[in-house]
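Student: heads up, no residue letters with this:
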């Protein structure tokens, strides 16, 4: 059995669900019932056919509504591996850090191209870090305080899954000076990120090797599965950039969150309208079940 979960950014109307059922029938799929997770907010449609046509029929069809299609069994995941920048937080930390050096436009352009998959992530990171040479390390804490904000729903997602026994890991191509405190604030059990290097209180334009990139993210997910004796179907991965693709593809449910085109195309599902609480609804959690 499969489920298509309709999740509204604001309000999900009964008419939306009826239209979704009609769209499934037009694709040759007979709906087998509906079940509200949260009235006016999230609803499951059950069916037993091939899920790929269902996803094609429903995804992007309704304004302000995200759709996640998956197997009904095992929908509550036991491993979460998540990206940080533009996923768990609202900004790209290196772009904001570069702004303090007057180089945001130049660095942000490299970031955008890397996230789209136009540049190899590791080389793009080294190039951006070189531009930060000489920056006072105190600016890192200033940047985190002034610029970095949690993505709506991040803490609820991580704390709810961790409370219910899931292993939660933040794995970032960004930097430990941001990821460590933010991971603790959000509630992650573990944090993996890159380490900026410096001397005498200033960045020296280098980053510790090996760089945390796409393969590290995938390996982190696979290691988490092995550690807990889980199958790929037990894992949820979420990210937005090209360097997240191997991780998304290795998870039972890989979700592209407000993502660049390459990541969106590679993922099992896309969240384009709502915030990270959509991933709680996708797992069947009503609002009353979320951790604070």
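Tutor: Thanks, I have the structure now. It should be emphasised that the depicted structure is a prediction, and the values quoted were computed from it without experimental measurement.
Student: burial measure for the closest residue to residue 138 other than its chain neighbours, as a count.
Tutor: Using C-beta to C-beta, 6 or more residues apart in numbering and skipping residues adjacent in sequence, the residue nearest residue 138 is residue 201, 7.2 Å away. For glycine as for every other residue, the C-beta is placed from the backbone atoms N, C-alpha and C. Look at residue 201: counted by other C-beta atoms under 10 Å, it has 8 neighbours.
Student: got the contact list for the nearest residue to residue 47 once chain neighbours are set aside?
Tutor: Using C-beta to C-beta, 6+ apart and skipping the chain neighbours, the partner closest in space to residue 47 is residue 29 (5.1 Å). Neighbour list for residue 29: 47, 49-50, 53-54, 57 [criterion: C-beta atoms under 8 Å, 6 or more residues apart in numbering].
Student: doesn't residue 29 fall inside a helix?
Tutor: No: with DSSP: H, G, I helix; E, B strand; the rest coil as the criterion, residue 29 is assigned coil and is not in a helix.
Student: from the contacts of residue 29, which ones fall inside helices?
Tutor: Counted as lying in helices by DSSP state H, out of the contacts of residue 29, are 53-54, 57.
Student: Among those residues, which one lies nearest to residue 179?
Tutor: Checking the ones in helices among the contacts of residue 29 against residue 179 with C-beta to C-beta, the nearest one is residue 54 at 36.3 Å.
Student: so the closest one makes contact with residue 21?
Tutor: No: Residue 54 is beyond contact range of residue 21, at 11.0 Å (criterion: C-beta atoms under 8 Å).
Student: Those two: which has the busier surroundings?
Tutor: Neighbour tally, residue 54 and residue 21, criterion other C-beta under 10 Å: the higher count belongs to residue 54, 24 against 19.
Student: ok, that one to residue 272 distance?
Tutor: Applying C-beta to C-beta, to the nearest Å, the value for residue 54 to residue 272 is 17 Å.
Student: Would you map the strands across the stretch 1-150 of the chain?
Tutor: Here the stretch 1-150 of the chain has its strands, by DSSP state E, counting those that start in this stretch, at 2-8, 34-38, 42-47, 65-71, 79-82.
Student: quick one: residue 237 is in a strand?
Tutor: Yes: using three-state DSSP, the assignment for residue 237 is a strand.
Student: ok, now which ones touch it?
Tutor: Residue 237 neighbours (C-beta under 8 Å, 6+ apart): 80-82, 221, 244, 247-248, 250-251, 253-255.
Student: Next step: those restricted to helices.
Tutor: Reading helices off those with DSSP H, I get 221, 247-248, 250.
Student: Out of the residues you listed, the closest to residue 118 would be?
Tutor: When the ones in helices among the contacts of residue 237 are compared against residue 118 (criterion: C-beta to C-beta), the nearest one is residue 248, at 18.3 Å.
Student: Neighbours of that closest one, how many?
Tutor: 29.
Student: my guess is it meets residue 263, correct?
Tutor: Yes: with contacts counted by C-beta under 8 Å, residue 248 reaches residue 263, the gap being 6.7 Å.
Student: which residues do these two both contact?
Tutor: Here residue 248 and residue 263 have 239, 256 as joint contacts, going by C-beta under 8 Å, 6+ apart.
Student: rewinding a little: quick one: which two of the ones in helices among the contacts of residue 237 are the most distant?
Tutor: 221 and 248 (9.1 Å).
Student: Present the contacts of residue 237 as JSON lines; the columns should include distance to residue 107.
Tutor: Below are those laid out as JSON lines (distance: C-beta to C-beta, whole Å):
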{"residue": "80", "distance to residue 107": "29"}
{"residue": "81", "distance to residue 107": "26"}
{"residue": "82", "distance to residue 107": "23"}
{"residue": "221", "distance to residue 107": "28"}
{"residue": "244", "distance to residue 107": "20"}
{"residue": "247", "distance to residue 107": "24"}
{"residue": "248", "distance to residue 107": "25"}
{"residue": "250", "distance to residue 107": "29"}
{"residue": "251", "distance to residue 107": "30"}
{"residue": "253", "distance to residue 107": "32"}
{"residue": "254", "distance to residue 107": "28"}
{"residue": "255", "distance to residue 107": "27"}
